[in-house]
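>>> This is a predicted model, with the sequence first.
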Amino acid sequence: MTKTPMTKAPSLRSMGDMKHNSQTSSGDPVWSANEKTDSTIIAADNHSHYEHTNENIPQVVITRDARPYRIDLEAMRVSGLSVGSHPDEESICSDSGFGGSPASLLLRKLSNASSSGLSPASSFEEYEDDRGCPEGFPDEVPRSVTWKKPRSTGTSSSLSVTPKKSQPWVQVVGHAGSFHSGGDGMLLKRHTEGEQLCLQRLMDDSLRPFVPGYHGVVRRSEQHYNMMDNLLTHFNSPAIMDCKMGTRTYLEEELVKAQERPQPRQDMYEKMVDVDPEAPTAEERAQQAVLKTRYMQWRETLSSTTTLGFRIDGIKKADGVCNTNFKRTKSREQVMQALQDFVGSHTLILKGYLRRLQELRLVLETSKFFRTHEVVGSSLLFVHDSTGKTGVWMIDFGKTVPLPPPLTLDHRTPWVEGNREDGYLWGLDNLIDVLTDMLPLS
Ligand SMILES: Nc1ncnc2c1ncn2[C@@H]1O[C@H](COP(=O)(O)OP(=O)(O)OP(=O)(O)O)[C@@H](O)[C@H]1O
Ligand SMILES: O=P(O)(O)O[C@@H]1[C@H](O)[C@H](O)[C@@H](OP(=O)(O)O)[C@H](OP(=O)(O)O)[C@H]1O
């Protein structure tokens, strides 16, 4: 839940006090920041702090239990190479994508695109073009951020560097207009309360190192955003892949809604016909519209979602070539070929990804958050660069919902309506299996 700002933005030193002094009726700590801020935005946590001084950065607004979390070594852990010791550590860059109005937050999808050589857009309107994989914007925020070392380390640690150059943010797939690059290694995603709650809970879960650090809700031009780490920050000209996980891409509640109040969609009919003119039924053809769940199920069976429990949604390679034409990438062989094209001939990268996925699987099998949530439509974001640095993170919790206690999921049992299973872990097993098969015989 968000509230409007009430008081002056807290100073760095007072932030800790504020966390203790201000509470919601439920006893949760709250934060507040001034609407007419003196352009100082401050975030801090138990381990570290940082400070911005610029007008272009978003204002932190009150969020329920929205504690900010610093990018930390654990969260940004890269397999194969450690962030902390990597020579590129000083190349942290950031960018911000403000310039668009809320009215232009179109729910348009970046799909069916294959493009190359995209250059950073210079305005939000340019970004609104229907190209796949548009890049973010040059940073509007002076590089005044200092990343200070944490007082106590525990499992996390922060970087102490001065960002030097701008790293454009790239969106591979997903709703166009939902994102802004927030500057200083931050990314803003259009706010939904469900995703906010998940990200907050994940910050206290064993999965924390596998999700972008969450920094609360911010407001910009009357629109609220969830602020999280930009996972591309520590990479140079990264190659990026978005893999949508699970055997089901719609929530059980969406199915119930479709049964009770069917709302056939013309846009989905058109997307369907674009891929396969023969796909619609006679009735759908007559209506020139399909139900969302029908479209989603068709997408699942056309791709590898049903058969492997994951699908490749989009890939942007280091050379800028972007491909989101994977709707028909279904067989194990086709998937393997696409993965091979993504990693190239670099066994180091493949091994890095495999290690990270195996670690993720171990953590997922014991995570309380994972056990108690239906995780639908969530992706694994793969990122690597030419130095051999790799990382994989779970993103997109827009359709991750808590289960009614005491229900829990194992995420491997096949789905039947009512059991809420999503096939996430089964898909991860298959993904690990496919990647393992790609390793050269030695
Ligand atoms: N924390 C992040 N750091 C870097 N890039 C990100 C991050 N989160 C998302 N992205 C980029 O944005 C894309 C879309 O993200 P996400 O899946 O969250 O959007 P969405 O609009 O909810 O997607 P969907 O259409 O599946 O609902 C990803 O493929 C990735 O390229
Ligand atoms: O990839 P495609 O073929 O373009 O299809 C979209 C994709 O399945 C998204 O995951 C879904 O958003 P959600 O996951 O948020 O439901 C979106 O629904 P939408 O159009 O209702 O946003 C679909 O249009």
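Great, that's in hand. Numbers count the residues shown, from 1 in each chain. Ligands and ions are numbered 1, 2, ... in the order given.
>>> mind listing what the closest residue to ligand 1 within the stretch 251-400 of the chain touches?
With CB to the nearest ligand atom as the measure, the residue in the stretch 251-400 of the chain that lies nearest ligand 1 is Asp396; the distance is 3.3 Å. All C-beta atoms are positioned from the backbone trio N, CA, C, and that covers glycine. Contacts for Asp396 (CB atoms under 8 Å, 6 or more residues apart in numbering) come out as Gly174, Glu195, Gly377, Ser378, Ser379.
>>> Asp381 falls within a strand, correct?
You called it Asp, but residue 381 is Leu. Yes. Per DSSP: H, G, I helix; E, B strand; the rest coil, Leu381 lies within a strand segment.
>>> What segments of the stretch 101-250 of the chain are strands?
If DSSP state E, counting those that start in this stretch is used as the criterion, the strands of the stretch 101-250 of the chain fall at 108-109, 114-115, 175-176, 179-183, 186-190, 214-220, 223-229, 239-245.
>>> now, of those, which is deepest in the fold?
strand 179-183 (a mean of 28; mean count of other CB atoms under 10 Å).
>>> Is it correct that Ala279 is in contact with Tyr269?
No. Assessed by CB atoms under 8 Å, Ala279 is found out of contact with Tyr269, at 9.4 Å.
>>> neighbour count winner among those two?
Looking at Ala279 and Tyr269 with other CB atoms under 10 Å, you find the greater number of neighbours at Tyr269, namely 21 against 17.
>>> between the contacts of Asp396, which is nearest Phe370?
Distance to Phe370, by CB to CB, is smallest for Ser378 among those, at 10.4 Å.
>>> what about the longest helix in this protein?
In the chain, taking DSSP state H as the definition, the longest helix is helix 347-364.
>>> Show me which residues of that one are buried.
With burial defined by 16 or more other CB atoms under 10 Å, the residues of helix 347-364 counted as buried are Leu348, Ile349, Leu350, Lys351, Gly352, Tyr353, Leu354, Arg356, Leu357, Leu360, Leu364.
>>> which SS class is the nearest residue to the first one once chain neighbours are set aside?
When you say that, I think you mean Leu348. For Leu348, the nearest residue in space outside its immediate sequence neighbours is Gly388; the separation is 4.7 Å by CB to CB, 6 or more residues apart in numbering. Here Gly388 is coil, with the state taken from three-state DSSP.
>>> could you redo the buried residues of helix 347-364 as TSV and give each row distance to ligand 1 and pLDDT?
Below are the buried residues of helix 347-364 laid out as TSV (distance: CB to the nearest ligand atom, whole Å; pLDDT from 0 to 100):
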residue	distance to ligand 1	pLDDT
Leu348	22	96
Ile349	18	97
Leu350	20	98
Lys351	23	98
Gly352	18	98
Tyr353	16	98
Leu354	21	98
Arg356	16	98
Leu357	17	98
Leu360	16	98
Leu364	18	98
